[in-house]
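Chemist: just coords:
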C-alpha cells in the first residue's frame, strides 16, 4: 500500500463525507479506520465515508456490475456499514463526474440498497432515483423525555421512523438514539425524523441518523418524510394518480422529493466537493491502535 492515501471532503446539504477513491478495492477500511477518519477533532471529520470502488472489484457489488460500473461502499461515521445514503449518492456521483469517470447526464450507482439511477444536471443539482418506499406493518412509537409520538414506519433501503411534532425543539439534543417501541420493529437500529409543517407540501425536519447522531441532512430521511406526509395528507400518488412533490427543509439546506404514481421516488439537491488531499498511512495505522 502507498504510504499516502488520497481523499476528498464533500457534502450534500451539509451532510458531510470523507471520500476515499479506491477503484480496485485495494485499501483496507476496517470500522476503526473509518471512525478515525470521520472523527471531527482527531481526524478529517464527517457524518460518513464514501468508499469509491468499481462494482466488479467488490464482493458485495459484483452481481450489480453489469448494471452499474461504480459501487458506493458507504460507512457510517462510527464505522458501521449502512445500506444507503441519499445525500451520499449525490456527492458520490458528483465526485465521479469531477474525476472524469462519468459525464453530465444519467448514470447508475450500485449501493447495498440496490442500483440507483442518478442524473447530473447542468446547474449542479443532482437527482437520484431512490426506488420505492416500503411500509413495514405494525405500530411504532418514538420518545424523547416524557414525550411520545406515533411514528410512520418507512423503509427506503434503510429503516426510518417519522414522527410529526409541533416544534422541532421537542426532538431534544439527538446526540443519542431516541427510544422506540416495540424493540422488534428495528433490530438493527433506526433513523428517526422529527417533522413540522412549514406550508402546503412543505415540511422541515431534524434527524438522528443511526451510527452518526444528529446530522445536518439525511436524503433517505427526507424521502421517508415526504412519503409519510403524502399518506397523512391523503396525497398518496398510487391513489390519486398524480405525482406528489414535497419541499423538505433540513438544517443544512433544502431537498425536493417527488413520489410518482408507480411508487418511484426522486430526490433533487446540491452536491459539493470542498477539499482534497492525502491521508498519512502511518497516522491512520496509529489512530486505529
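Modeler: Sure thing, it's come through. Treat the numbers as computed from the prediction; the structure is a model and nothing was measured.
Chemist: how is this structure carved up into domains?
Modeler: 4-125+271-287, 140-269 (automatic domain parsing).
Chemist: buried ones in whichever strand or helix holds residue 34, by neighbour count?
Modeler: Assigned by DSSP states H and E, residue 34 belongs to helix 31-38. For helix 31-38, a neighbour-count test (16 or more other Cβ atoms under 10 Å) marks 33, 34, 35, 36, 37, 38 as buried. Every residue, glycine included, has its C-beta placed from N, CA and C.
Chemist: let me see the ranges of the helices in the protein.
Modeler: Along the chain, counting by DSSP state H, helices occupy 31-38, 86-98, 219-232, 237-240, 281-287.
Chemist: let me see the mean pLDDT of the longest one.
Modeler: Taken as a whole, helix 219-232 carries a mean pLDDT of 97.
Chemist: quick one: that helix to helix 86-98, angle?
Modeler: Counting by axes from the mean of the first three to the mean of the last three Cα atoms, to 10 degrees, helix 219-232 lies at 130 degrees to helix 86-98.
Chemist: ok, the first one next?
Modeler: Between helix 31-38 and helix 86-98, the angle formed by their directions is 80 degrees, by the same axes, to 10 degrees.
Chemist: and the average pLDDT for helix 31-38 is what?
Modeler: Averaging pLDDT along helix 31-38 gives 96.
Chemist: elements contacting the helix or strand bottoming out on mean pLDDT in the chain?
Modeler: In the chain, no helix or strand scores lower on mean pLDDT, DSSP states H and E than helix 281-287, which sits at a mean of 88. Other elements packing on helix 281-287 under the criterion 3 or more Cβ pairs under 8 Å, 6 or more residues apart in numbering; DSSP states H and E are strand 4-12, helix 31-38.
Chemist: so how far is the longest one from its chain's centroid?
Modeler: What it means is strand 4-12. Counting by Cα atoms, centre = their mean, to the nearest Å, strand 4-12 is centred 17 Å from the centre of its parent chain.
Chemist: leaving out chain neighbours, which residue sits closest to the residue nearest to the spatial centre of the chain?
Modeler: Nearest residue to the geometric centre of the chain (Cα atoms, centre = their mean): residue 85, 2.3 Å. Leaving out its chain neighbours, the residue that sits closest to residue 85 by Cβ to Cβ, 6 or more residues apart in numbering is residue 74, at 5.0 Å.
Chemist: residue 260 is nearest to which of the helices and strands packed on helix 281-287?
Modeler: Comparing the helices and strands packed on helix 281-287 against residue 260 with Cβ to Cβ, the closest turns out to be strand 4-12 (22.0 Å).
Chemist: do you know the pLDDT at residue 3?
Modeler: For residue 3, the predicted pLDDT is 67.
Chemist: straight-line length of stretch 71-82, end to end?
Modeler: Stretch 71-82 has its terminal residues 13 Å apart, counting by Cα to Cα, to the nearest Å.
Chemist: oh, I was asking about stretch 115-125
Modeler: Start-to-end span of stretch 115-125 (Cα to Cα) is 20 Å.
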